[in-house]
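>>> sequence unavailable; structure follows:
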């Protein structure tokens, strides 16, 4: 019978390498949590134009004002997830032509669901948009 050389040091090094590999594998295979509760956009209330919108392209959010009502819409199209463009007459998806009114309701398909509303909170004159 052949004697396999194995020392305590080799065993501990192998165990450590296995543990570190498992941590790295878990890190890359586990999906990241959504940014719930994290502010996507923050702006002074006075900067939102009356009957207009502020678009935060990176956050894919539009902050809209209609009279005294301030709300935020996700600019992710409910059809296939393209970024929706904001125009004075409404919102439109450049990928497949879906159109939405200023409230985010579908006026023309292929999208069949309205744009998602985001949570809006006012704190000391600042409007903060967070993911729901």
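That came through, no problem. Computed from a predicted model, the values in this text were never measured in an experiment.
>>> helices along this protein, start to end?
In order along the chain, the chain carries the following helices (DSSP state H): 8-29.
>>> can you give me the strands for it?
Defined through DSSP state E, the strands belonging to the chain, from first to last, are 39-44, 53-56, 61-66, 69-74, 85-87, 90-92, 99-100, 106-108, 117-123, 126-130.
>>> out of these, which is the most enclosed?
The densest packing among those, expressed as mean neighbour count by mean count of other C-beta atoms under 10 Å, is seen in strand 61-66 with a mean of 22. Just so you know, the C-beta spots here come from the backbone N, C-alpha and C atoms, and that holds for glycine as well.
>>> show residues contacting that one.
Contacts made with strand 61-66 from outside it, assessed by C-beta atoms under 8 Å, 6 or more residues apart in numbering, are listed as 40-41, 43, 48-56, 70-75, 86, 91, 102, 118, 120, 127, 129.
>>> residue ranges with poor pLDDT in the chain?
Counting by pLDDT under 70, the chain has low-confidence residues at 1, 31-37, 132.
>>> flag every buried residue along stretch 77-96.
Along stretch 77-96, these residues count as buried under the neighbour rule (16 or more other C-beta atoms under 10 Å): 77, 78, 79, 84, 86, 90, 91, 92, 93.
>>> tell me which two of the residues you listed sit farthest apart.
The largest separation in the buried residues of stretch 77-96, counting by C-beta to C-beta, is between 79 and 86 at 16.7 Å.
>>> kindly reformat the strands of the chain as CSV containing distance to residue 2.
CSV is the format used below for the strands of the chain (distance: least, C-beta to C-beta, whole Å):
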stretch, distance to residue 2
strand 39-44, 63
strand 53-56, 67
strand 61-66, 67
strand 69-74, 65
strand 85-87, 71
strand 90-92, 73
strand 99-100, 73
strand 106-108, 73
strand 117-123, 67
strand 126-130, 64
